[in-house]
Every structure is written in C-alpha cells, then in structure tokens.
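Undergrad: following is a predicted model, sequence given first.
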Amino acid sequence: MPKSSHEMLESSEFKDLISRRWTLSVVLTLVLFVLYYGYILLIGYDKALLARKIGEVTTLGIPLGVLVIVFAWVLTLVYVRWANRHDPDFEHLKSQVTR
C-alpha cells in the first residue's frame, strides 16, 4: 500500500536504514581520522622513526604515507560496497511513496 512521504519518513524501516548508514559513516570517519592524524602525530613526535632508511634512498615515512592513502581508498570501497548492497532497501522504500 503506498504511503505518503511523511509516513515513509516516520517508518521504523526508514529510520533503521538511516541509523545504520550514519553509524557506518561515523565509524569509517573516525577510523580515517585516527589513521591520518596518527600519521601526522608520528611525523611531529618521532621524526627519527620515519627517517629510518629501509632501502638505499627510501625512508620508512614514504611507505607509511602511501599506506595511509591506500587505506583511505579501502575505507571508501567499504562504504561504496555497503551502499550498493543496501540500495535495493532504499529503492523499496522509495517505491512505497505516493507522488
């Protein structure tokens, strides 16, 4: 049975879906902040560690910086996969709304 927009927005199904999306978004954001600011703090407080050579010319700071960037991409991939998996749920809710 079609619902009005207001009824759909007040439904527990919609609120649950939005709650899960916000929870995932906040968790991924916090993970990224800890990773990024942890790297920045490491630069500020332990330059000697990052300056340690791991090759003839490469220091430890370079691969760690690359890992921060790659991990940000991985977190984006996690969110995109979650969103794509739950897109049918959103489509189902949208189809229930009368225009």
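TA: Perfect, thanks for sending it.
Undergrad: next, count neighbours for His92.
TA: Using other C-beta atoms under 10 Å, His92 is surrounded by 11 other residues. C-beta here means a position set from N, CA and C on the backbone, and glycine is covered the same way.
Undergrad: so which strand or helix has Tyr37?
TA: helix 12-45 (DSSP states H and E).
Undergrad: list the contacts of the residue nearest in space to the middle of the chain.
TA: For the chain, Leu28 is the residue whose C-alpha lies nearest the centre (C-alpha atoms, centre = their mean; 3.5 Å). Contact analysis of Leu28 by C-beta atoms under 8 Å, 6 or more residues apart in numbering lists 75, 78-79.
Undergrad: list the buried residues of the worst-scoring helix or strand of the chain on mean pLDDT.
TA: The helix or strand of the chain with the poorest confidence is helix 5-10; it has a mean of 74 (mean pLDDT, DSSP states H and E). Using 16 or more other C-beta atoms under 10 Å as the test for burial, helix 5-10 gives Met8.
Undergrad: how many neighbours does Ser19 have?
TA: 11.
Undergrad: please report the distance of it from Val57.
TA: 50 Å (C-beta to C-beta, to the nearest Å).
Undergrad: same thing with Asn84?
TA: 42 Å.
Undergrad: ok, and the closest non-adjacent residue to Leu17?
TA: Asp89 (5.6 Å; C-beta to C-beta, 6 or more residues apart in numbering).
Undergrad: that neighbour: neighbour count?
TA: Neighbours of Asp89 using other C-beta under 10 Å come to 15.
Undergrad: pLDDT wise, what is it at?
TA: Asp89 carries a pLDDT value of 70.
Undergrad: hmm, it is touching Phe14, no?
TA: No - using C-beta atoms under 8 Å, Asp89 makes no contact with Phe14, being 9.3 Å away.
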